[in-house]
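Undergrad: here is the input, now give the coordinates:
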Amino acid sequence: MRKKKMEDLMLIFNLEFNVTINKRDMETQKINNRRRKTVLPKTDQIAQLDSLAQYTLVHLAVFNRKRLGETQRISIEDYRDYEILEDEDVAVYTDTLSREQIKKWARIRFTGKLGKNTALLIHRSLGFRAIDLILHYRERAGVNASNR
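TA: Numbering: from 1, shown residues only. So this is what the prediction gives:
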């Protein structure tokens, strides 16, 4: 008799206790989510970041004579794996102007349309500053971190 009562009690405990805890947990989560303060960037800041991103994309496409769809395929990893010429390679060029210009540019390789490998030239100071600024503020602008 006592064993049966104990089993009934355990059954009720297992069923009711889980439901009660889950319900309270869900209520607590809803309250916490409602009370969470989210600091959103100002509309003009989002507009500035958006126009910087569009300008940078168009600049890369026009300068490199690529379609916008191709330049959109560049991933963050592709950007970070840019290539520059080493000093030994630059020394081949005799005139100083050519050597100075070569040092200002970097090459980004990425997979283009139909899986073909392609590359872009990017100015190491201007282009890198613009893209680094976009990457720095992308989380604040609400860009999903999985969007690479």
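Undergrad: and stretch 139-148, average pLDDT?
TA: Per-residue pLDDT over stretch 139-148 has a mean of 78.
Undergrad: buried ones in that stretch?
TA: Buried residues in stretch 139-148, counting neighbours by 16 or more other Cβ atoms under 10 Å, are absent. C-beta here means a position set from N, CA and C on the backbone, and glycine is covered the same way.
Undergrad: quick one: end-to-end distance for it.
TA: Using Cα to Cα, to the nearest Å, the end-to-end distance of stretch 139-148 comes to 12 Å.
Undergrad: contacting residues around that stretch?
TA: Contacts with stretch 139-148, where a contact means Cβ atoms under 8 Å, 6 or more residues apart in numbering, come from Leu40, Pro41, Gln45, Ile46, Leu49, Ser75, Ile76, Glu77.
Undergrad: please apply the same query to stretch 45-52.
TA: Residues contacting stretch 45-52 (Cβ under 8 Å, 6+ apart): Pro41, Ala130, Leu133, Ile134, Tyr137, Ala141.
Undergrad: the fourth one: neighbouring residues, count only.
TA: Number of residues near Ile134 (other Cβ atoms under 10 Å) recorded here: 17.
Undergrad: what packs against the host helix or strand of it?
TA: Secondary structure from DSSP states H and E places Ile134 in helix 126-137. Contacts defined by 3 or more Cβ pairs under 8 Å, 6 or more residues apart in numbering; DSSP states H and E place helix 126-137 against helix 43-63.
Undergrad: picking up where we left off before, mind picking the two most distant members of the contacts of stretch 45-52?
TA: Pro41 and Ala130 (18.0 Å; Cβ to Cβ).
Undergrad: neighbour count for the two, which is higher?
TA: Taking neighbours as other Cβ under 10 Å, Pro41 and Ala130 compare with Ala130 leading, 19 against 14.
Undergrad: tell me which residues in stretch 51-66 are buried?
TA: Judged by neighbour count (16+ other Cβ under 10 Å), stretch 51-66 contains these buried residues: Ala53, Thr56, Leu57, His59, Leu60, Ala61, Lys66.
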